[in-house]
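Asks: sequence first, predicted coordinates after that:
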Amino acid sequence: MTRFFALIGAASFSALAFLGRLSFFAFDSLRHIVTPPFYGRAFGTALIQIGFLSLPVVGLTALFTGGALALQIYAGGARFSAEAAVPQIVAIGMVRELGPVLVGLMVAARVTSSIAAEIATMKVTEQIDALITLSTNPMKYLTAPRVLAATLVTPFLVAVGDTIGIMGGYIIGTERLGFASAAYLQNTVDFLEAKDIASSLVKGAVFGFIAALMGCFFGMNSDRGAMGVGRATKSAVVAASVLILAANFVLTEAFFSA
């Protein structure tokens, strides 16, 4: 029994230590974002890699999700003679929840893994030590541009994902389920509010910050060797995905609690 409680205590202390290191890392990242020098080229490269190159996977994910959501809502609504609610529910569901969460998870899968693997490899090959030797702060050069770029560009990805997801529902609704095109679009516009769109964009910014921060944190703290790189990449994606889902709950509660 004593050993059992000792294991629980050790795990608790380990979790608290991890949260402490992560909090200091996040604060340090924010500090370097707002203080000079600024590396514009690294920031521009991060914008392209995180934003532009993520558009295909975000678009395809949102398109198929919107179409599947329309089919599911129509099939479920048919049990209660509520098939006409498809446009409204697809729009609200995509903008409030599915759009931001799916984009956040896609960014975590694509961007977090890439950042973690890249920085961990740089650590293994002593490139980070070389930056320090050249009087370049690794947090300033590697972390700050990526975190800032992800925070700024992910809301745009969310906006694109929301739009394409609604378009996927529109295509299925008009071509497969028999909705009139004008009526479908009118119902979509009428039932969306500014609060829904604002919450979606805020979630995108938070999710982008989390995704980039986890990639940088685990990359910077990876172990040496190929196994260390793999472990850092896996841990970064898992941590980013869990934190994105947790942050989604907190933000949903903040925006839409009664």
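Replies: It's in. Not measured: the values here are computed from a predicted model.

Asks: identify the residues contacting the one helix or strand P100 maps to?
Replies: According to DSSP states H and E, P100 maps onto helix 99-107. Contacts to helix 99-107, defined as CB atoms under 8 Å, 6 or more residues apart in numbering, come from residues 50, 54, 57-58, 61-62, 65, 150, 154, 157-158, 161-162, 165, 200, 203-204, 207-208, 210-211, 241, 244-245, 248. Just so you know, the C-beta spots here come from the backbone N, C-alpha and C atoms, and that holds for glycine as well.

Asks: what's the mean pLDDT across it?
Replies: Computed over helix 99-107, the mean pLDDT rounds to 94.

Asks: report the buried members of the contacts of helix 99-107.
Replies: 50, 54, 57-58, 61-62, 65, 150, 154, 157-158, 161-162, 165, 200, 203-204, 207-208, 210-211, 241, 244, 248 (16 or more other CB atoms under 10 Å).

Asks: quick check, pLDDT for T35.
Replies: For T35, pLDDT reads 87.

Asks: neighbours of it, just the number please.
Replies: Using other CB atoms under 10 Å, T35 is surrounded by 10 other residues.

Asks: how close does S235 sit to L243?
Replies: 12 Å (CB to CB, to the nearest Å).

Asks: now Y184
Replies: The gap separating Y184 from L243 is 36 Å, by CB to CB.

Asks: with neighbour numbers in mind, choose between these two.
Replies: With neighbours defined as other CB under 10 Å, Y184 and L243 compare such that Y184 has more, 23 against 20.

Asks: mind telling me what element the more buried one is part of?
Replies: If you go by DSSP H and E, Y184 is part of helix 181-191.

Asks: helices and strands around that helix, which ones?
Replies: If you count contacts as 3 or more CB pairs under 8 Å, 6 or more residues apart in numbering; DSSP states H and E, helix 181-191 packs onto helix 86-93, helix 144-175.

Asks: which of those helices sits closest to F191?
Replies: F191 lies closest, by CB to CB, to one member of the helices and strands packed on helix 181-191: helix 86-93, at 4.2 Å.

Asks: which strands or helices does the closest one pack on?
Replies: helix 55-77, helix 144-175, helix 181-191.

Asks: pLDDT weak spots in this structure?
Replies: 1, 5, 258 (pLDDT under 70).

Asks: at 90 what do you get?
Replies: Residues of the chain meeting the criterion pLDDT under 90: 1-23, 29, 32-40, 72-89, 123-138, 173, 175-194, 221-228, 230, 256-258.

Asks: and for G51, the neighbour number?
Replies: Residues near G51, counting by other CB under 10 Å, number 21.

Asks: next secondary structure element downstream of the helix holding P100?
Replies: Per DSSP H and E, the first helix or strand lying C-terminal to helix 99-107 is helix 113-124.

Asks: list the helices and strands the helix or strand hosting D196 packs on?
Replies: Using DSSP H and E, D196 sits in helix 194-220. Other helices and strands packing on helix 194-220, by 3+ CB pairs under 8 Å, 6+ apart, are helix 2-34, helix 99-107, helix 113-124, helix 144-175, helix 225-256.
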